[in-house]
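Asks: Here is my input; please provide its structure:
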Amino acid sequence: MLIQPHTQEVLARERALLSEISHFLTARGAPFDVLSLAQTAHQALDETFLLVVVGEFNAGKSSFLNALLETDLLKVGVTPTTDRIHVLVRGRENGKLENTDDPFIVRQTLDSPQLEGLALVDTPGTNAVIRRHQTLTEGFLPRADLLLFLTSADRPFTESERQFLTLAKRWGRSVLMVVNKIDLLEHDHERQEVKTFVEKYARETLGLTPPTFLVSSRNEHINKS
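Replies: Next up is the predicted model:
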């Protein structure tokens, strides 16, 4: 799920190849719009990959990210606690705030190798009484390179979650499904039933079956389906 060393090697080869293509096109006198496409593709490889975590409030997004990154940096609570977009990037100082041009976006650093070339984005919960939270999350959706969609094992795939996935499909975003709080289900057959349920309705909404993970952020335990 996170960028690994072999992925960085692939990116390096792609950068070199795109550079060669740009030189070739320039030498052959290619039109400006063709050259621009090659340059844009090269620049996109150098931009930080945005992995955006979305889901209903109290689905455990912040807990999931804290467990994933082995930190307690993100605030956790039983009421909607994330009221802004939190962007986690790699840096030497844990929790250091960096300036952004948007008052609703908080950028913080974390000294974690898992964030190399990657920014993890924690969003306000959807389907909350505070409408601005939903608006912020929906507004950030087009900027995501990949969506990590959290649903909860005790209330998997609600109608509001279906509506949000429909919006993600409209924007053409790739999605990974995460069923959190799996520790609430004692038996394997219950977990399999929830997994099958989520996959079925995600497939109906997205037109494909996204990869699905079963997660217990409390126990820091993750199973890939």
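
Asks: hang on, residue 121 in a strand?
Replies: Yes. Looking at residue 121 with DSSP: H, G, I helix; E, B strand; the rest coil, it is inside a strand.

Asks: so what's it up against?
Replies: 50-53, 85-88, 140, 144 (CB atoms under 8 Å, 6 or more residues apart in numbering). Bear in mind the C-beta positions are built from the backbone N, C-alpha and C, glycine included.

Asks: low pLDDT regions in the protein?
Replies: 1-15, 18, 35-47, 75-83, 125-136, 219-225 (pLDDT under 70).

Asks: Neighbours of residue 53, how many?
Replies: Residues within reach of residue 53, counting by other CB atoms under 10 Å, total 28.

Asks: who's in contact with it?
Replies: Per CB under 8 Å, 6+ apart, neighbours of residue 53: 61, 64-65, 120-123, 147-148, 150.

Asks: what about it, is that helix, strand or coil?
Replies: Going by three-state DSSP: residue 53 is strand.

Asks: Ok, residue 30 next?
Replies: Per three-state DSSP, residue 30 ends up coil.

Asks: and it, how far is that from residue 23?
Replies: Applying CB to CB, to the nearest Å, the value for residue 30 to residue 23 is 11 Å.

Asks: ok, those two, which is more surrounded?
Replies: Neighbours per residue (other CB under 10 Å) separate residue 30 from residue 23, with residue 30 holding more: 16 against 11.

Asks: CA atoms only for stretch 147-164 - export them in CSV, please.
Replies: What follows is stretch 147-164, C-alpha atoms only, in CSV (Å, rounded to 0.1, in the frame of the first residue of the first chain):
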residue,chain,number,x,y,z
LEU,A,147,-8.7,6.8,-2.1
LEU,A,148,-8.6,4.6,1.0
PHE,A,149,-12.2,4.3,1.9
LEU,A,150,-13.0,3.2,5.5
THR,A,151,-16.2,1.6,6.6
SER,A,152,-17.0,0.2,10.0
ALA,A,153,-17.6,-3.5,10.7
ASP,A,154,-20.6,-2.6,12.9
ARG,A,155,-22.3,-0.6,10.2
PRO,A,156,-20.8,-1.6,6.8
PHE,A,157,-21.6,0.3,3.6
THR,A,158,-24.3,2.8,4.5
GLU,A,159,-26.3,4.7,2.0
SER,A,160,-24.2,7.8,2.5
GLU,A,161,-21.1,5.8,1.8
ARG,A,162,-22.6,4.5,-1.4
GLN,A,163,-23.3,8.1,-2.4
PHE,A,164,-19.7,9.1,-1.7
